[in-house]
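Participant: Provide a 3D model corresponding to the input given below.
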Amino acid sequence: PAAPAAQTPVTPVEARILALLAAGATTARAARETALTADGVTYHLRRLSSRWGASNRTELVARAYALGVLAPGVWPPGVPGDEA
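Facilitator: All right, here's what the predicted structure looks like:
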């Protein structure tokens, strides 16, 4: 069983990267849109994967939805409460 989102907090940058991945962004695009380097995006993805035990990006995005980090039923993917 997965831990509740409250026990697995993510930073705003991590949440934005997850939303971009859920929308199909590449590492390069996520880097451009978050003003990070590609290595910076990869760093955040590795940390999240380790924290959540995800073996690939698809599983990482699925866990983000399951934990409530990403808002279900909206396109493009976004973070709950971030209707900007």
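Participant: who's in contact with the residue nearest to the spatial centre of the chain?
Facilitator: For the chain, the residue nearest the mean C-alpha position is Leu18 (1.9 Å; CA atoms, centre = their mean). Leu18 sits next to 10, 48, 60-61, 64, 69-70, 77 when contact means CB atoms under 8 Å, 6 or more residues apart in numbering. Every C-beta, even on glycine, is put in place using the N, C-alpha and C of the backbone.
Participant: following the helix or strand hosting it, which helix or strand shows up next?
Facilitator: Using DSSP states H and E, Leu18 falls within helix 12-22. Following helix 12-22 in sequence order, the next helix or strand is helix 27-34 (DSSP H and E).
Participant: Just the buried positions in that next one, please.
Facilitator: Residues of helix 27-34 classed as buried by neighbour count (16 or more other CB atoms under 10 Å): 27, 30-31, 34.
Participant: Now do Glu83, the pLDDT please.
Facilitator: Glu83 is assigned a pLDDT of 56 by the prediction.
Participant: Provide a list of residue ranges in the protein with pLDDT below threshold.
Facilitator: 1-8, 82-84 (pLDDT under 70).
Participant: The same query, at a cut-off of 80, please.
Facilitator: 1-8, 80-84 (pLDDT under 80).
Participant: Quick one: list the elements packing against the lengthiest helix in the chain.
Facilitator: Scanning the chain for the longest helix, with DSSP state H as the assignment, gives helix 38-52. Applying 3 or more CB pairs under 8 Å, 6 or more residues apart in numbering; DSSP states H and E, one finds that helix 38-52 contacts helix 12-22, helix 27-34, helix 57-66.
Participant: The ones you listed into a markdown table, with extra columns for distance to His44?
Facilitator: Output for the helices and strands packed on helix 38-52, formatted as a markdown table (distance: least, CB to CB, whole Å):
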| stretch | distance to His44 |
| --- | --- |
| helix 12-22 | 5 |
| helix 27-34 | 9 |
| helix 57-66 | 10 |
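Participant: Mind checking these for the one nearest to Gly40?
Facilitator: With CB to CB, the closest approach to Gly40 among these belongs to helix 27-34: 6.7 Å.
Participant: so that closest one versus helix 12-22, what angle?
Facilitator: 140 degrees (axes from the mean of the first three to the mean of the last three CA atoms, to 10 degrees).
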